[in-house]
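> Whatever this is, show me its structure:
(chains A and B)
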Protein chains: 2
Amino acid sequence: MRSHYCGDVNESLIEQTVKVAGWMHRRRDHGGVIFIDLRDREGLVQIVCNPEDAESFAVAEKVRSEYVLQIEGVVNPRPAGSENTDLKSGKIEIIAKRVTILNSSETPPFPLTEQAEVNEDIRLRHRYIDLRRPEMLQKLRFRSQIIRQLRQYLDNHGFMDIETPILTKATPEGARDYLVPSRTHPGDFFALPQSPQLFKQLLMVAGMDRYYQVVRCFRDEDLRADRQPEFTQLDIETSFVEEEDLMQLMEEMIRDLFANVLEQPLPNPFPRMTYADAMDRYGSDKPDLRIPLELVDVSDLMQGVDFKVFSAPANDENGRVAALRLPGGNSLSRKEIDDYTKFVSIYGAKGLAYIKVNDLAAGREGLQSPILKFLPDNVVDAILQRTAAETGDLVFFGADKASVVNESLGALRVKIGHDLDMVEHGWRPLWVVEFPMFEWDDKTQRWYALHHPFTAPRESDIDLLSNDPGKCLSRAYDMVLNGTELGGGSIRIHKTDVQQKVFEMLGIPAEEAEEKFGFLLQALKYGCPPHGGLAFGLDRLAMLMTGSASIRDVMAFPKTQSAACLLTNAPSHVSDEQLKELNIRLRRVPTA
Amino acid sequence: MRSHYCGDVNESLIEQTVKVAGWMHRRRDHGGVIFIDLRDREGLVQIVCNPEDAESFAVAEKVRSEYVLQIEGVVNPRPAGSENTDLKSGKIEIIAKRVTILNSSETPPFPLTEQAEVNEDIRLRHRYIDLRRPEMLQKLRFRSQIIRQLRQYLDNHGFMDIETPILTKATPEGARDYLVPSRTHPGDFFALPQSPQLFKQLLMVAGMDRYYQVVRCFRDEDLRADRQPEFTQLDIETSFVEEEDLMQLMEEMIRDLFANVLEQPLPNPFPRMTYADAMDRYGSDKPDLRIPLELVDVSDLMQGVDFKVFSAPANDENGRVAALRLPGGNSLSRKEIDDYTKFVSIYGAKGLAYIKVNDLAAGREGLQSPILKFLPDNVVDAILQRTAAETGDLVFFGADKASVVNESLGALRVKIGHDLDMVEHGWRPLWVVEFPMFEWDDKTQRWYALHHPFTAPRESDIDLLSNDPGKCLSRAYDMVLNGTELGGGSIRIHKTDVQQKVFEMLGIPAEEAEEKFGFLLQALKYGCPPHGGLAFGLDRLAMLMTGSASIRDVMAFPKTQSAACLLTNAPSHVSDEQLKELNIRLRRVPTA
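Next up is the predicted model:
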């Protein structure tokens, strides 16, 4: 139905007859002639309909926005001075010989030709129109290229693409599983996988050696800013490897991706940082290294001060006092400081102490701070020295449980970085390593796995598993890019006794472990090789690489924050007949 | 942890030290020396443990079947006469210098070294061991190559790989949907897609132009011989195309696949056959052309005979009388004919009349048949002539509703073809075209879509849509290979009024159409381009190409015929707590 894409018609085709098809993007009537910008996936081309060609002119007169047209015509150079250098086809135009309307269109609910801010709900409801916008099309195309490139790398490195089930068994974090009632097994349910973790480990037991899959995963959780109920993971697992093998392979893959798709180099090797160091200096296990601000621990300096707000956490083994120096920050207004104080309160901080350094040489006189009176000279001096404060700076303080200080100052660091335009350009990847195996939860009074319960402890820490679990480090690693976790993985447990010990530490009774993970424990007994892997969040990666504000922009048909599809109206009501077949009924009739 | 795969160690490495890792496949103690066949994904290599090397010999003595070992040693040529030409590594052996047990193994539930027939339930329960068998590993690897090759073709032809939702809206054939209760929208349900049909059409409305996806689909149906509740489709859609464009592109893709992956050529072009012709000659819309038997219509000959069994269907416009000549078939025993009579009864045939041609030259005397007495000479002569019967042949007859005759004789044709070893070697692809739009169902007294309700009618048949729907042909096409439907597709309806008319013909009330497909009807109004596509069943394709008996053999973790996973025990019980969160409860407590 066409000889060329619109965007591909160029000066090499001059004087030739071409056939193009696409959407009426823009129409101008000028001097009795109709000019149509015809649009397809590859771009725009200008069509000229002259009144001398009465038949096609008559058709062109009927054409409205977003009509679907087929046009046959001859490629001509544009008159001198009317070239459009913004277009690939900008040096030519097509003189229409035949114009056919393939389909009409009602007036679109929002214009495609302007950069108008359109409400996202309307965009999602008419996603088929929203995706016509060139920038949306380019994002999906780019995503497709990213995945192709990653596949190519893995294909070339001996990985097998193997599919694992979507209808599967409820997982440990079962509370967030989507469940699917079974018709053939009344009363029983499948669960949609939060990840194919156990299946990929079983593939290693089966000797597949190198596995990957671009796989849909599901999590039924309250949707925070940028989560989707279904998301896509690049899932990888390999046998007979150690951390070093995997990390090298994976960072090479990502470097290769950025070099080929974005033509932007990433550092070689990626820097590495321990979890402890990351928390200490950035208050986060996924620090954005583009922001040149760091937390500085001052707990030791505060242990002896009279000011309880500081001395109490400084003397608590779970507490922390940390400082964040902001170069040039003494120009912050009262209002700005109040706003930041409000901001850190979101993370549980009860306040945001600060010292403004108006004149370092002037000693105490040169400082301005509500807390100055609580701190002796030697402590103030030590703080200024340790934070390397200079005249014109401001030093913020956080003092609380370590988790509150880290979260609040970590978030403040990022916010200020953006507010004050301090974010450096470029890509700053990073490996975070030496994670703890477990995290203690005060509320439930139990240990939780920081990654997941199949993560191996360091060989040298196996004794700590039962003796001092909080000190036990794991063989996990996270790849972080510009403050976003791109992927995470670990060397896995490959021995039954270690796996059982970890379940025990997590308070999973032996029977429950058997019921939920019996097949894994069984598999480990039949010659499971040492193995490890990684999973990357592809939506997030595509979002970062396309410079999008939301993962919704790199998904063709995303759901809203309340996990609904505005386009199809899913989820929706189903008949009682259907529920009967599935042996379920509703608990209460929905009000709406 | 290794320098080479076991299967890759060969004579080019002689005298070098290598490190390999894998599973203890076989062990022989011979003349005080221990020989171990070590196995990994790439094959076997022979390890020699000499008693002089006391330390590694001591370790080797402990090794049992399926232990996971790491071995460092020196590559030696095998002593003359002991080469194994079946192995890639058969000219060498590794003299072990260090043997490390990476993991032990209990005795596997079934042996991997023998071709023993193992019960499939046991294989599925221990799939991680079953997949270690070299033939299973090769099947998964081959499947991975098939998909890679198809992707490559599509990538190189301008197709974009775009993901569509898994959590979506219930489809027309809703009775077979898997449903997923929504936690955020109590009382509402998502459905898992039976195919991404509507989403891919919306992508065409959005101007993506060429889309593909390797996508999981779901159907909750009673599992026949070779169905799975979840299956994988290669889903394709393109804009501004007609049948011819698509069929050429698709058969080129499949030819390319067979040439590259199997190194076997397929015909160019694929032959084509109308649906009417396929039913007439093979009683099937997916005829296996490797079987050199054909149905011959004899309805017209039977209209005047006294024998009601034949004359009634011959005079019924929905009836049919057909013959199937079996060359050399007069040697079939009474018992064999009885068995075939029983076989066709599965398909509703009330009997299986036949004529044995013992001596064609001898006229009636040379024929043997229980029905001969009912047929006049001229009819018998005409039958023999039309079926081209010769001495030694047998002619079967089917007389009933056309659907019963086609199904029963079609199935008989295939069965006899296999029983009598008449199946020709090689690949016989075929396009079946000119399908009817609708099929009338006597039971429910309504029309059903032969493909799906989004299939376009032929332009010239649009008037028949309402006037004579049974005569209206569609723009659908199926790709058939050796009697299996590989893929099916069509040009789609791209105009609202035609789509509404088809819904009407299918007896879908306007409100229901609006509720279920409103978003599609809406989208068609905003400039939908002409478009069409295809979907291939990848499991089936992989099954055919690997010569497997079941699609379960080309899936890593298949489910049983009752849609259960024997490995993980899914589906399974979930807590009432979880059901409460989803606003559902069980109707009756399961008995088991």
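> For A:I47, which non-adjacent residue is spatially closest?
A:I36 (4.2 Å; CB to CB, 6 or more residues apart in numbering or on different chains). Placement of C-beta: from N, CA and C, glycine included.
> A:A60 is in contact with that neighbour, correct?
Yes. Between A:I36 and A:A60 a contact is recorded at 6.6 Å, counting by CB atoms under 8 Å.
> so what sits against both of these two?
Shared contacts of A:I36 and A:A60 (CB atoms under 8 Å, 6 or more residues apart in numbering or on different chains): A:C49.
> For A:Q522, the count of nearby residues, please.
Number of residues near A:Q522 (other CB atoms under 10 Å in any protein chain shown) recorded here: 18.
> who's in contact with the residue nearest to A:I47?
Listed by CB under 8 Å, 6+ apart, the contact set of A:I36 reads A:M24, A:H25, A:R26, A:R27, A:Q46, A:I47, A:C49, A:A60, A:V63, A:L69, A:I71.
> any idea of the mean pLDDT in the helix or strand where it lies?
Taking DSSP states H and E as the criterion, A:I36 maps to strand A:33-40. Taken as a whole, strand A:33-40 has a mean pLDDT of 97.
> Could you list the low-pLDDT ranges of chain A?
Across chain A, the ranges flagged by pLDDT under 70 are A:114-116, A:171-175, A:223-225, A:589-592.
> ok and the longest strand belonging to it relative to strand A:33-40, angle-wise?
Counting by DSSP state E, the longest strand found in chain A is strand A:17-30. Inter-element angle recorded for strand A:17-30 and strand A:33-40: 120 degrees (by axes from the mean of the first three to the mean of the last three CA atoms, to 10 degrees).
> sorry, back to before: looking at the contacts of A:I36, which one is closest to chain B?
In terms of CB to the nearest CB, no member of these lies closer to chain B than A:M24, at 8.1 Å.
> so who does the closest residue to chain B within the stretch 351-500 of chain A touch?
Per CB to the nearest CB, A:H494 is where the stretch 351-500 of chain A lies closest to chain B, at 6.1 Å. When contacts are counted by CB under 8 Å, 6+ apart, A:H494 touches A:A456, A:L524, A:C528, A:P529, A:P530, A:H531, B:L102, B:N103.
> how about a cut-off of 10 Å?
Counting by CB atoms under 10 Å, 6 or more residues apart in numbering or on different chains, A:H494 touches A:201, A:204-205, A:239, A:454, A:456, A:523-524, A:527-532, B:68, B:102-103.
> and which of the contacts of A:I36 is nearest to B:S144?
B:S144 has its nearest neighbour among the contacts of A:I36 in A:H25, at 41.8 Å by CB to CB.
> and the closest residue in space to the closest one that isn't next to it in sequence, how far is that from A:P51?
In space, A:H25 comes closest to A:R39 once its chain neighbours are excluded; the distance is 3.9 Å by CB to CB, 6+ apart. Separation of A:R39 from A:P51 (CB to CB, to the nearest Å) stands at 24 Å.
> Tell me which of those two has more neighbours.
Neighbours were counted for A:R39 and for A:P51 using other CB under 10 Å; A:R39 has more, 24 against 14.
> The more buried one pairs with what?
Under DSSP bridges, the beta-bridge partners of A:R39 are A:W23, A:L44.
> OK, contacts around it?
Shown in contact with A:R39 (CB under 10 Å, 6+ apart): A:6-7, A:22-26, A:45, A:66, A:69, A:112-113, A:132, A:134, A:137, B:207.
> Show the buried residues in those residues.
By neighbour count, with 16 or more other CB atoms under 10 Å in any protein chain shown, the contacts of A:R39 hold A:6-7, A:22-25, A:45, A:66, A:69, A:112, A:132, A:137, B:207 as buried.
> okay, the residues you listed in TSV with distance to B:A510 next?
Output for the buried ones among the contacts of A:R39, formatted as TSV (distance: CB to CB, whole Å):
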residue	distance to B:A510
A:C6	37
A:G7	40
A:G22	32
A:W23	29
A:M24	30
A:H25	33
A:V45	40
A:E66	25
A:L69	30
A:L112	30
A:R132	28
A:L137	33
B:G207	29
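> Neighbours of A:F310, how many?
Based on other CB under 10 Å, the number of other residues close to A:F310 is 25.
> do the same with A:P181
So A:P181, with other CB under 10 Å, has 27 neighbours.
> now it, nearest residue through space, not along the chain?
Leaving aside its chain neighbours, A:P181 sits nearest to A:L582 (4.1 Å; criterion: CB to CB, 6+ apart).
> ok, the one you found touching B:R588?
No. In this structure A:L582 lies outside contact range of B:R588 using CB atoms under 10 Å: 11.9 Å.
> what about these two, which has more around it?
A:L582 (24 against 8).
> what about stretch A:336-356, distance to the chain center?
With CA atoms, centre = their mean, to the nearest Å as the basis, stretch A:336-356 stands 27 Å off its chain's centre.
> And the helices in the stretch 351-500 of chain A?
A:377-386, A:402-419, A:464-467, A:496-505 (DSSP state H, counting those that start in this stretch).
> Burial check on the nearest residue to A:A399 once chain neighbours are set aside, number of neighbours?
For A:A399, ignoring the flanking residues on the chain, the nearest one in space by CB to CB, 6+ apart is A:V321 at 4.3 Å. Per other CB under 10 Å, the neighbour tally for A:V321 reads 27.
> what's the helix or strand for A:V321?
strand A:319-326.
> Adjacent strands (with direction) for that strand?
strand A:295-297 (antiparallel), strand A:394-401 (antiparallel).
> relative to helix A:377-386, how tilted is that strand?
Put simply, strand A:319-326 runs at 60 degrees to helix A:377-386, going by the same axes, to 10 degrees.
> now whichever helix or strand comes after strand A:319-326 against strand A:394-401, angle please.
Per DSSP H and E, the first helix or strand lying C-terminal to strand A:319-326 is helix A:334-345. Note on geometry: by the same axes, to 10 degrees, helix A:334-345 and strand A:394-401 are set 30 degrees apart in direction.
> Show me the domain layout of chain A.
Listed by automatic domain parsing, the domain ranges of chain A are A:6-103, A:123-240+A:529-592, A:291-423, A:436-473+A:495-528.
> Most tightly packed of those?
domain A:123-240+A:529-592 (a mean of 20; mean count of other CB atoms under 10 Å in any protein chain shown).
> Relative to the whole chain's centre, how far out is that one?
Using CA atoms, centre = their mean, the offset of domain A:123-240+A:529-592 from its chain centre is 14 Å.
> Okay, A:E365 and A:Y354: tell me how far apart.
17 Å.
> got it, and A:G187?
For A:G187 relative to A:Y354 (CB to CB), the value is 60 Å.
> just A:S65 next, same as before
56 Å.
> How about A:Q368?
Taken as CB to CB, the span from A:Q368 to A:Y354 is 9 Å.
> overlap in contacts of those two?
Joint contacts of A:Q368 and A:Y354 (CB under 10 Å, 6+ apart) are A:N330, A:L394.
> Could I get the contacting residues of the nearest residue to A:R133 once chain neighbours are set aside?
Spatial nearest neighbour of A:R133, excluding adjacent residues (CB to CB, 6+ apart): A:L112 at 5.6 Å. Contact analysis of A:L112 by CB under 10 Å, 6+ apart lists A:23, A:25-26, A:39, A:65-66, A:118, A:129-130, A:132-134, A:136.
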